[in-house]
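S.K.: After the sequence you'll find the predicted model.
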Amino acid sequence: MSKDRFQGCLVGAVVGDCLGRPFEMLRPTDERLSEYFFSFQEPNLRLPYKPYTDDTAMTRCVAQSLIDKKGFNARDMAVKFVKEYYTNSKRGYGSYIPIVFFKLKETHFTDLYGPAKRLVDGKGSYGNGGAMRIAPVALFCRDMDKEEMLRIAKEETLLTHSNRRGYNGAILQCLAVHIALHTLEGTLERRKFLDQLIMEMESVETCGKEELDDDEDELEYVKRLRKVDELLDRGTAVRVLEVEDILGTAMVAHLSVPTAIYAFLRVLESTEGQEGNKFQETIKYAISLGGDTDTIASMAGSIAGAYYGLEMIPLHLQEQCEGINHAITQATKLHKMCEGQNKMMQKGKGI
Ligand code: F2R
Ligand code: MG
Ligand code: MG
């Protein structure tokens, strides 16, 4: 059922964020991580409720703006980001992004894209903040032309991340959620999934070459997706340190979005622990990589949730996290909007 996939996507993102947060910039041992996940199943143990971070705070703004405006409205989106930040700035935001929020507020939202463009001496941010919040765009654009979805993903990201690696990372994450959402459960094949992403990113990265950073490859994400494929060929023999070394686990887009895609595909393909729940295993594996654990688990969680659906997200994980009901409500509204748009399109075609 597609509503279940919409809900799975946004709930998956929240679960990854909340459960990954305690390990951000650390790397838990296997033993510690097993204890951590085991503790969630212990009914008599009262665990601290896990708050969400900037990942969820910003994803909620993106979803709410799409719902309120029935589409992308740059001003409304920017106002929502800024209001959210000044309501609770202690959600663990990146170091550059508050400068954008301050400038947007100071200039009364008269120059929506300027503050992000001027960041880091005009280079812009390539943090993974654009990618971590993009899932609602993939949901909202479920039945739209791919070009329209990519245009919205880019324009939404440019409000805060004007660096090519920052917005292309968000585009890649958006495509991954979109393809997962459209693939019938039980039929997703790694090769097909990666081939589709590589083909789309080849066309995306061919544009804007004049904006390349000195240390950036022309086909940065295509190259990294090929590395994901090579690592997957080696199955579960690939060690955590190799993943960190080859794909990265940092809070910048190019060193985290392909990593989240790898986490999702590795667990999908793995035959180890067959009895386990694939959604839970995805989150656990993403956290085991260390580094930017809240964001990598959140991005992997939104892809996995869009594919497996809410039904596959264990309640004992959901119960640990702040903001689950809100995510379900927003996902339900986005789904209703998509169904409505669909009906109107069919009516227009006389179907
Ligand atoms: N900021 C964090 N975690 C730090 C620890 C938080 C702590 N636990 C706490 O609770 O306070 N996590 C969040 O930040 C990431 C998303 O960041 P976003 O929104 O992209 O922000 P920003 O500031 O634009 O970029 C993040 C960092 O990337 C590096 N960077 C970006 N552009 C750069 C450039 N052009 N040159 C060099 N470095 C660049 C900087 O280090 C930025 O600080 C998520 O992980 C989210 O969870
Ligand atoms: Mg965070
Ligand atoms: Mg993070």
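M.R.: The structure has been received and is ready for your questions. Ligands and ions are numbered 1, 2, ... in the order given.
S.K.: distance of the residue nearest in space to the middle of the chain from ligand 1?
M.R.: For the chain, the residue nearest the mean C-alpha position is M299 (3.3 Å; C-alpha atoms, centre = their mean). According to C-beta to the nearest ligand atom, to the nearest Å, M299 stands 10 Å off from ligand 1. Quick note: C-beta positions are derived from backbone N, CA and C, even for glycine.
S.K.: and that residue, how far is that from ligand 3?
M.R.: Per C-beta to the ion, to the nearest Å, M299 is found 10 Å from ligand 3.
S.K.: Please look at that residue and G16 and confirm they touch.
M.R.: Yes - counting by C-beta atoms under 8 Å, G16 is a contact partner of M299 at 7.2 Å.
S.K.: ok, which residues in the protein are in contact with ligand 2?
M.R.: T53, D54, D55, G92, D294 (C-beta under 5 Å from the ion).
S.K.: Among these, name the ones that also lie close to ligand 3.
M.R.: D294.
S.K.: Give me the subset of the residues of the chain next to ligand 2 that lies in helices.
M.R.: If you go by DSSP state H, these have D54, D55, D294 in helices.
S.K.: a markdown table for these, including pLDDT, distance to I152 and neighbour count?
M.R.: Converted to a markdown table, these look like this (pLDDT from 0 to 100; distance: C-beta to C-beta, whole Å; neighbours: other C-beta atoms under 10 Å):
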| residue | pLDDT | distance to I152 | neighbour count |
| --- | --- | --- | --- |
| D54 | 98 | 21 | 23 |
| D55 | 98 | 19 | 31 |
| D294 | 98 | 25 | 27 |
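S.K.: can I assume N342 is in contact with D143?
M.R.: Yes - the criterion here is C-beta under 8 Å, and N342 meets it with D143 at 5.6 Å.
S.K.: what do those two both touch?
M.R.: Counting by C-beta atoms under 8 Å, 6 or more residues apart in numbering, no residue touches both N342 and D143.
S.K.: show me the contacts for A304.
M.R.: Contacts of A304 by C-beta under 8 Å, 6+ apart are G8, G12, A180, F264, V267, K278, F279, T282, I283.
S.K.: Buried subset of the residues you listed as a ChimeraX selection?
M.R.: Listed next is the ChimeraX selection for buried residues among these, using 16 or more other C-beta atoms under 10 Å:
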select :8,12,180,264,267,278,279,282,283
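S.K.: could you dump the contacts of A304 to TSV with pLDDT, secondary structure and distance to L194?
M.R.: As requested, those are exported to TSV (pLDDT from 0 to 100; DSSP: H, G, I helix; E, B strand; the rest coil; distance: C-beta to C-beta, whole Å):
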residue	pLDDT	secondary structure	distance to L194
G8	98	helix	21
G12	98	helix	20
A180	98	helix	12
F264	98	helix	11
V267	97	helix	15
K278	96	helix	18
F279	97	helix	20
T282	97	helix	16
I283	98	helix	21
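S.K.: now the contacts of A304 as TSV including distance to ligand 3?
M.R.: Putting the contacts of A304 into TSV (distance: C-beta to the ion, whole Å) gives the following:
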residue	distance to ligand 3
G8	21
G12	16
A180	21
F264	17
V267	20
K278	23
F279	20
T282	17
I283	14
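S.K.: Mind picking the one among the contacts of A304 that's closest to ligand 1?
M.R.: Lowest distance from ligand 1 to the contacts of A304 (C-beta to the nearest ligand atom) belongs to I283, with 15.1 Å.
S.K.: Can you give me the distance of that closest one to Q320?
M.R.: 11 Å (C-beta to C-beta, to the nearest Å).
S.K.: between these two, what contacts are shared?
M.R.: L19.
S.K.: Not counting the host helix or strand of L334 itself, show me its contacts.
M.R.: Counting by DSSP states H and E, the element that carries L334 is helix 324-348. Here helix 324-348 makes contact (C-beta under 8 Å, 6+ apart) with 2-3, 6-7, 9-11, 13-15, 56, 60, 63-64, 66-67, 70, 136, 139-140, 142-143, 310, 318.
S.K.: could you redo the last one with a cut-off of 7 Å?
M.R.: Among residues not part of helix 324-348, those counted as contacts by C-beta atoms under 7 Å, 6 or more residues apart in numbering are 2-3, 6-7, 9-11, 14, 60, 63-64, 66-67, 70, 136, 139-140, 142-143, 318.
S.K.: buried subset of those residues?
M.R.: 3, 6-7, 9-11, 14, 60, 63-64, 66-67, 136, 139-140, 142, 318.
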